[in-house]
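Novice: need a structure here:
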Amino acid sequence: MEDYRRLLERLDQWFAEGRRAAPIAVPCHGGCTACCHGPFDISVADAELIGDAVRRLPSAAREAAVHRATALLDLMRAIEPGWAPPYEVAAIGDDRFDRLSDALASEPCPLLDDAGRCRIYADRPLVCRLIGLSMVTPAGRVIENACPIQDRFPGYAELPPMLFELEKFEESEMECLRAAARRRWGNAEQWEFETTIAGAVVAPA
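Specialist: Numbers count the residues shown, from 1 in each chain. Predicted coordinates for the structure are as follows:
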């Protein structure tokens, strides 16, 4: 798990460098919740990280997170009644999961507190760290900034993509996914497992 944390820190460093290089103030920061809504898929390594982070929360914060995650899962099961722990995305399929996500797109992440701040910001999933700046890789892949409110800030959407060695990152990520799957099920070949944040909170590894 510590290897995965260190890997995510490389994304944080990339983002910090992009923030420093930007000619405008980048509005993406801890405390903004514009992208913290709706269910989305997370990896087995992210699920492990979230489960560990939630266990380390103070009891009141942990109970609040579990309560909100359970309430969100109830809404999911109202749409997909047969979905059960460990709430694997593959169990309902991508198309049905996409419809579920669209139906619940306005629901806040269960890990937000009453003030709208992430309770486990340091241990947030990989995808949360990819939003806020555009990325370009040495191979020429471009990942666009997915911030849903970027058009509200002059010049934000026009920022050029920041270089990141994503291909090398993904090689290390694969090792972390296989290690997380081995810890969870004793089988590294289950590295493709995906769930949601709510699923990771309620049915942790």
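Novice: Any idea how many residues pack against the nearest residue to Ala139 once chain neighbours are set aside?
Specialist: Closest residue to Ala139 apart from its sequence neighbours, by Cβ to Cβ, 6 or more residues apart in numbering: Glu167 at 5.7 Å. C-beta: built from backbone N, CA, C; applies to glycine. Using other Cβ atoms under 10 Å, Glu167 has 11 other residues around it.
Novice: Also the one 3 residues further on?
Specialist: By the other Cβ under 10 Å criterion, the neighbourhood of Glu170 contains 11 residues.
Novice: Where does it sit, in terms of helix or strand?
Specialist: In this assignment (DSSP states H and E), Glu170 forms part of helix 166-185.
Novice: Check which helices and strands that helix sits against.
Specialist: helix 2-21, helix 44-55 (3 or more Cβ pairs under 8 Å, 6 or more residues apart in numbering; DSSP states H and E).
Novice: What average pLDDT does that helix get?
Specialist: If you average the pLDDT over helix 166-185, you get 96.
Novice: Enumerate residues external to it that contact any of its residues.
Specialist: Applying Cβ atoms under 8 Å, 6 or more residues apart in numbering, the external contacts of helix 166-185 come out as 1, 3-4, 7, 10-11, 43-45, 47-48, 126, 135, 137-139, 141, 143, 187-193, 205.
Novice: now those residues: which count as buried?
Specialist: 1, 4, 7, 11, 43-45, 47-48, 126, 135, 137, 190-191, 193, 205 (16 or more other Cβ atoms under 10 Å).
Novice: how about Gly155, secondary structure?
Specialist: Assigned with DSSP: H, G, I helix; E, B strand; the rest coil, Gly155 falls in the coil class.
Novice: Find the nearest non-adjacent residue to Pro148, please.
Specialist: Ala34 is the one closest to Pro148 (Cβ to Cβ, 6+ apart), at 5.3 Å.
Novice: how many other residues sit next to that neighbour?
Specialist: Neighbour tally, Ala34, other Cβ under 10 Å: 14.
Novice: That one and Ile149 touch, don't they?
Specialist: Yes - contact between Ala34 and Ile149 holds when scored by Cβ atoms under 8 Å: they sit 4.6 Å apart.
Novice: ok, the spatially most central residue of the chain - contacts?
Specialist: By Cα atoms, centre = their mean, the chain has its centre lying nearest to Pro125, at 3.3 Å. Counting by Cβ under 8 Å, 6+ apart, Pro125 touches Ile42, Ser43, Asp46, Leu49, Ile50, Ile197.
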